[in-house]
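*Asks:* below are the sequence and a predicted model for it; my questions follow.
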Amino acid sequence: MRILFLCIGEAHQALHALPIAAEMQAMAPDVALEVALAGSAHHWVMDLVRTVYPSFSPPVKTLALPALAALQKRLGGADEPPRLLSLLGHIAYFRGFDAIVVPERTTTLIRHLLPARTSLIFTPHGAGDRAVTFDRRDRLFDFALVAGEKSERMMLDAGTIRPGHYAVNGYVKLDFMRRLSATRPPLFDNDRPTVLYAPHFRAELSSWPLLGTQIISAFAAQQTYNLVVAPHIRLFHRASRQARARIAAMAVPGKILIDLGSKRLLDMSYTSGADIYLGDVSSQVYEFLDTPRPCVFLNAHAVAWQEDANYLFWTLGEVADSVAGAMAAVGRARAEHPRYSALQKETLALSVGGDPAGAARRGAEAIVHFLHAERAGR
């Protein structure tokens, strides 16, 4: 049985799939497993996975389109081709597999070009509360992994998964990050608590367009906290060099760290190393809450959120609607945290399936079991 783990989206999404591949290679000798990657950032993630799984050594294919890559390089663009072009350019390769496992949805566009025998399997990235987590394209997958009970319930209600064609396995990225053997140094060489500001990338939901630079200026004007500005990697993905430089110039050595695109945005360096979370609608909050800690949320768009299931995580800390309110809430956050700690643990368990330990292994077992059952039923 030939299985391809295909990573063509943002590199951080690969951390929700490649640990499953590593577990599958170790447990299923009858599986001929391969990995296909879009570009250099994805290869870095592959190397990171090998730090936890040193024997993980499948054939790895880079989905190159040389002529397009040369043009992109001349224009100063990304090193990987657009997703759909990459998919269409390698259809013949994909058609040779019994199953293709992906952590993104663009691949559903080629579902009709694959043989009926090729199962398309989804390993979702993120564990957010917003309805965007549940997409109609999910119905095109033959099988899906689901992080926790909350996602299972919402996806069943939305009709995007169906019984017998999914498994609840836990949050793979958290499972993997806990197993990274290297100990990380502190984010700052001082005793101040560190606040992580992690704005979302969508302008209509994010606090960044209205409040982002004001947040940085407010932290620059105080001496109590360090600040890490680590937005979703897509927020500045298409920003000009000048725009990125203007924001980067607001960093203060030893006090304010601004990271708009490094690999540390992918590996939970900041969510694991900070003391207080400041954000809006990013599902990164659940990665931060792997260890329950104080949270503050920014309601920059005056959302009536209290009865909205898309904002469930805003019940896990104080919600502020201004920079001044956010700074005051940060000042109270550690003292107020006992009010939220138990609810954080409960909500995390619903969202990511309780203790994430073993999530990658459970995902691998579920996929292999499904594929064997499918083959037996043909």
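*Replies:* Yes, it's here.
*Asks:* roughly how far does the closest residue to Phe370 other than its chain neighbours sit from Ser217?
*Replies:* The shortest distance from Phe370 to any non-neighbouring residue, by C-beta to C-beta, 6 or more residues apart in numbering, is to Phe143 (4.9 Å). Yep, even glycine has a C-beta here, placed from its N, CA and C like the rest. Remark: distance between Phe143 and Ser217 (C-beta to C-beta, to the nearest Å) = 48 Å.
*Asks:* least trustworthy helix or strand in this structure by mean pLDDT?
*Replies:* helix 66-74 (a mean of 50; mean pLDDT, DSSP states H and E).
*Asks:* quick one: name whatever helix or strand follows that helix.
*Replies:* Once the chain leaves helix 66-74, the next helix or strand it forms, by DSSP states H and E, is helix 83-88.
*Asks:* next secondary structure after the host helix or strand of Leu4?
*Replies:* When secondary structure is defined by DSSP H and E, Leu4 falls within strand 2-7. Using DSSP H and E, the helix or strand that directly follows strand 2-7 along the chain is helix 18-27.
*Asks:* give me the low-pLDDT residue ranges for this protein?
*Replies:* 66-81, 126-134, 181-183, 378 (pLDDT under 70).
*Asks:* and the helices in it, which stretches?
*Replies:* In the chain, the helices defined using DSSP state H lie at 18-27, 40-52, 66-74, 83-88, 91-94, 149-158, 172-179, 208-220, 241-248, 269-273, 284-288, 323-336, 341-352, 359-377.
*Asks:* circling back: show me what counts as buried in the strand holding Leu4.
*Replies:* Using 16 or more other C-beta atoms under 10 Å as the test for burial, strand 2-7 gives Ile3, Leu4, Phe5, Leu6, Cys7.
*Asks:* from the contact counts, what lies against it?
*Replies:* With contacts taken as 3 or more C-beta pairs under 8 Å, 6 or more residues apart in numbering; DSSP states H and E, strand 2-7 sits against helix 18-27, strand 32-37, strand 99-102.
*Asks:* for Asp191, give me its contacts.
*Replies:* If you count contacts by C-beta atoms under 8 Å, 6 or more residues apart in numbering, Asp191 has none.
*Asks:* ok, what's across the strand from the residue nearest to Arg332 when sequence neighbours are not counted?
*Replies:* Ranked by C-beta to C-beta, 6+ apart and with sequence neighbours excluded, the top spatial neighbour of Arg332 is Glu318, at 6.9 Å. Beta-bridge pairing of Glu318 under DSSP bridges involves Val296.
*Asks:* quick check: Glu318 touching Glu336?
*Replies:* Yes: counting by C-beta atoms under 8 Å, Glu318 touches Glu336, with 6.6 Å between them.
*Asks:* neighbour count for these two, which is higher?
*Replies:* Neighbours were counted for Glu318 and for Glu336 using other C-beta atoms under 10 Å; Glu318 has more, 19 against 14.
*Asks:* quick one: contacts for the more buried one?
*Replies:* Cys295, Val296, Phe297, Ala329, Arg332, Ala333, Glu336.
*Asks:* that older thread, between Phe143 and Ser217, which one's more packed in?
*Replies:* Higher neighbour count among Phe143 and Ser217: Phe143, with 22 against 12, using other C-beta under 10 Å.
*Asks:* tell me what the more buried one is bridged to.
*Replies:* Judged by DSSP bridges, the bridge partners of Phe143 are Ile121.
*Asks:* now Leu227
*Replies:* Assigned bridge partners for Leu227, using DSSP bridges, are Val195, Ile256.
*Asks:* just checking, it touches Gly254?
*Replies:* No: between Leu227 and Gly254 there is no contact under C-beta under 8 Å: 11.2 Å.
*Asks:* who's more crowded, the two?
*Replies:* More neighbours surround Leu227 than the other of Leu227 and Gly254, with 28 against 11 (other C-beta under 10 Å).
*Asks:* distance of the more buried one relative to Thr315?
*Replies:* Counting by C-beta to C-beta, the gap from Leu227 to Thr315 is 24 Å.
*Asks:* what do you get for His43?
*Replies:* 39 Å.
*Asks:* do Val168 as well
*Replies:* 23 Å.
*Asks:* cool, and Leu266?
*Replies:* In this view, Leu266 and Thr315 are 28 Å apart by C-beta to C-beta.
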